[in-house]
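[1] Got a predicted structure here, sequence first:
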Amino acid sequence: MKNSQDGFLLIELLVALVVLAIVATPLLSLLILGTDTLAGAGRHTAAAYLARDKMEEVKGYGYFAVVAETEDGLQGYVREVAVVQPGCTEDDVRLKQVSVTVYWVEGGREQSVVLTTFLSGR
C-alpha cells in the first residue's frame, strides 16, 4: 500500500511542476520584456539629456559663433549639431535653424532624438 501512495505523490509532484512551468514561462517572458523596455527608456532619457545639454551650450554661443559639429565617444551615443540658414523675406532678419541630434543603436536599429531651435542675428 505504501508503494502506491508514493507513486501518487510522485505523479502529483510531476503535475505540479508541469503546471508551474506552463505558468512561469509567460511570466518570465513578461519580466524580461519589461526589463528591456525599462533599459530602452533609460537610454532614450540619456539621449534627450545629451541633446538638451548641447542645445543649451549652442544657444550660449550666440548667432555668429554657432557651427556644425559632430561628437563621438559619448558612451555609445553620437551627438551632431546641424546649422541651416533658411532664406528670409525680410532683409534685416537673420535666422539660423540649429538642430541637435543624438544617435544610438538599440536592438540592432539606429534610434535618435532631435531638438531644433532658431537663433536670430538681430
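    That came in fine, so what should we check first?
[2] make it CA atoms for all contacts and neighbour counts henceforth
    Will do.
[3] So for the helix or strand containing residue 100, what gets flagged as buried?
    Element membership of residue 100, judged by DSSP states H and E, is strand 95-106. Neighbour-count burial for strand 95-106, counted by 16 or more other CA atoms under 10 Å, picks out 95, 96, 98, 99, 100, 101, 102, 103, 104.
[4] so who does the second one touch?
    Meaning residue 96. 63, 83, 84, 85, 86, 118, 119, 120 (CA atoms under 8 Å, 6 or more residues apart in numbering).
[5] Run a quick neighbour tally on the fourth one.
    By that I understand residue 85. 12 (other CA atoms under 10 Å).
[6] Same check on the third one?
    The local packing count at residue 84 equals 13, with neighbours defined by other CA under 10 Å.
[7] Show the pLDDT at it.
    Reported pLDDT at residue 84 in the predicted model: 92.
[8] Just the ones of the contacts of residue 96 in strands?
    Secondary structure from DSSP state E places 83, 84, 118, 119, 120 of the contacts of residue 96 in strands.
[9] now the residue positioned nearest the centre of the chain: how far from residue 66?
    Nearest residue to the geometric centre of the chain (CA atoms, centre = their mean): residue 44, 2.4 Å. Distance, residue 44 to residue 66, by CA to CA, to the nearest Å: 26 Å.
[10] that older thread, now the buried residues of strand 95-106 as TSV including pLDDT and distance to residue 79?
    Formatted as TSV, the buried residues of strand 95-106 follow (pLDDT from 0 to 100; distance: CA to CA, whole Å):
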residue	pLDDT	distance to residue 79
95	87	22
96	91	19
98	96	13
99	97	10
100	97	7
101	97	6
102	97	4
103	96	6
104	95	9
